[in-house]
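Asks: pasting the sequence and the predicted coordinates here, then a few questions.
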Amino acid sequence: MEVPLFKADLSPEDKKAVLEVLDRGYLSNGPKLIDFEKKISDYTGAPYAIGTNSGTSALHLAVKALGLKEGDEVITSSFSFIASSNCLLMEGVKPVFVDIDEKTYNLNHNLIEKKINSKTKAILPIDLLGHPVDMDEILKISKKYCLPVLEDSCEALGSKYKGEIVGKKSTVATFGFFPNKQITTGEGGMIITSDNNIAKLCKSLRAHGRNDLDDWLYHDKLGYNYKLDEMSAALGASQMNRIEEILENRKSVANKYMKKIANLEEIILPYEEDYSDRSWFAFVITLKKNKRSEVMDYLKKSKIGCRDYFAPIHLQSFYKEKFGYKEGDLPITEEISKKTLALPFWGSMNDNEIDYVVKKLKEGLKNGSF
């Protein structure tokens, strides 16, 4: 049996929605993007939703819309996909990393204030692997120091913090729709906000800096081509029609994993705070001992997709060279990053596939001499 790391769960209705766009021939700047944005707005409760061609471009536009510029600093986490920090570097903004919580692996809000100085202009928390950050605690700091919050929810569409969909509480938030996400548009992203000025600026910047006159040849600022095409928007809108079913299916797969490996002493299961109702982006376990390479090798030989989530951003070569980061700067991040392992995960994963992964994981743990 061969089990990939992830698959996109696409229905006949999803495929039909894309084909209808192709048949109509209206491939960009059309009604499907408006429809998709409205569905995200209605679902999250945010008044404004702005579609983009990737989660990374959504983050970049959010950075621009907040007015962050060269010389500014933003407090964030190093335990993330690199886009959450690269979006800052694109504008000359320095990411200032704080260590993570040893249970949730999210940014440790208790360490934020120690890093705040006159150059600090925002806080960028990440809802890592779908687990919400403790937003109330972050907002207390945000209010105290008058700092906007850019929430990277690219892995957390549908996650709830104290019963409320993530993203709405922050100044601006972003979602991503890569094929391994809760819903996918192939590539694609979305910005949500309650701030009309941020929304207007993001809409302008994604379309080359187009002015408010709705004339596509006139521009009053430097912008980008970050628009989401109609085929992708149609795919996203179709999946939003069954978002609760998608999330429930993913939760069911995660729960099956949890039950089948709960008795393995060699691993730590994904943790969840009482305030969290996680939308499952990936299923990531933590090995108690640093034998990940041996286990991964065994799984790969068994034709099972797996990956180490995530490599610390501050120890990637470009960041080390530019900022002088070194091992030991973020001890919890560095320790956890050596032991996390993503197993195959998607919503329509069947019991045979799950059982095969669990069987080979147990064999790999045994062969790794734990």
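Replies: Received, thanks. Numbers count the residues shown, from 1 in each chain.
Asks: give the contact list for residue 351.
Replies: By Cβ atoms under 8 Å, 6 or more residues apart in numbering, residue 351 lies in contact with residue 256. To be clear about C-beta, it is placed using only N, CA and C from the backbone, and glycine gets the same treatment.
Asks: okay, it and residue 252: tell me how far apart.
Replies: 11 Å (Cβ to Cβ, to the nearest Å).
Asks: isn't residue 175 up against residue 151?
Replies: No: here residue 175 does not reach residue 151: they are 9.9 Å apart, not a contact under Cβ atoms under 8 Å.
Asks: so the two - more neighbours on which side?
Replies: residue 175 (31 against 28; other Cβ atoms under 10 Å).
Asks: tell me, how many residues neighbour the nearest residue to the more buried one once chain neighbours are set aside?
Replies: Closest residue to residue 175 apart from its sequence neighbours, by Cβ to Cβ, 6 or more residues apart in numbering: residue 190 at 4.5 Å. For residue 190, the count of nearby residues is 28 (other Cβ under 10 Å).
Asks: pretty sure residue 190 belongs to a strand, no?
Replies: Yes: membership of residue 190 in a strand is supported by DSSP: H, G, I helix; E, B strand; the rest coil.
Asks: which residues does residue 231 contact?
Replies: Neighbouring residues of residue 231 by Cβ under 8 Å, 6+ apart: 18, 21, 22, 27, 32.
Asks: tell me which residues in the helix ranked longest in the chain are buried?
Replies: Taking DSSP state H as the criterion, the chain has its longest helix at helix 243-261. Judged by neighbour count (16 or more other Cβ atoms under 10 Å), helix 243-261 contains these buried residues: 243, 246, 247, 249, 250, 251, 253, 254, 256, 257, 260, 261.
Asks: the residue nearest to residue 175 contacts residue 37, correct?
Replies: Yes: with contacts counted by Cβ under 8 Å, residue 190 reaches residue 37, the gap being 7.3 Å.
Asks: need the overlap of contacts for those two.
Replies: 49, 50, 51.
Asks: the residues you listed in strands, which ones?
Replies: 49, 50, 51 (DSSP state E).
Asks: in CSV: these, plus pLDDT and distance to residue 341.
Replies: As requested, those are exported to CSV (pLDDT from 0 to 100; distance: Cβ to Cβ, whole Å):
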residue, pLDDT, distance to residue 341
49, 99, 34
50, 99, 35
51, 99, 33
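Asks: now residue 60: closest residue in space, sequence neighbours ignored.
Replies: The shortest distance from residue 60 to any non-neighbouring residue, by Cβ to Cβ, 6+ apart, is to residue 87 (4.6 Å).
Asks: and the one you found, what element?
Replies: According to DSSP states H and E, residue 87 maps onto helix 83-89.
Asks: give me the mean pLDDT for that helix.
Replies: In this model, helix 83-89 carries a mean pLDDT of 98.
Asks: can I get that helix in CSV, CA atoms only?
Replies: This file holds the C-alpha atoms of helix 83-89, laid out as CSV (Å, rounded to 0.1, in the frame of the first residue of the first chain):
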residue,chain,number,x,y,z
ALA,A,83,6.1,32.6,4.7
SER,A,84,4.9,34.1,8.0
SER,A,85,8.3,35.8,8.4
ASN,A,86,9.2,36.3,4.7
CYS,A,87,6.2,38.5,4.3
LEU,A,88,7.8,40.9,6.7
LEU,A,89,11.2,40.9,5.0
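Asks: ok so, going back, among the contacts of residue 231, name the ones in helices.
Replies: Counting by DSSP H, the contacts of residue 231 place 18, 21, 22, 32 in helices.
Asks: would you map the strands across the chain?
Replies: 48-52, 73-77, 94-98, 120-124, 150-152, 160-161, 164-165, 172-176, 189-193, 267-268, 276-277, 283-287, 340-343.
Asks: can I get the ones you listed in JSON lines with distance to residue 200?
Replies: Compiled in JSON lines, those are given as follows (distance: least, Cβ to Cβ, whole Å):
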{"stretch": "strand 48-52", "distance to residue 200": "9"}
{"stretch": "strand 73-77", "distance to residue 200": "22"}
{"stretch": "strand 94-98", "distance to residue 200": "27"}
{"stretch": "strand 120-124", "distance to residue 200": "19"}
{"stretch": "strand 150-152", "distance to residue 200": "17"}
{"stretch": "strand 160-161", "distance to residue 200": "27"}
{"stretch": "strand 164-165", "distance to residue 200": "23"}
{"stretch": "strand 172-176", "distance to residue 200": "13"}
{"stretch": "strand 189-193", "distance to residue 200": "10"}
{"stretch": "strand 267-268", "distance to residue 200": "45"}
{"stretch": "strand 276-277", "distance to residue 200": "32"}
{"stretch": "strand 283-287", "distance to residue 200": "38"}
{"stretch": "strand 340-343", "distance to residue 200": "38"}
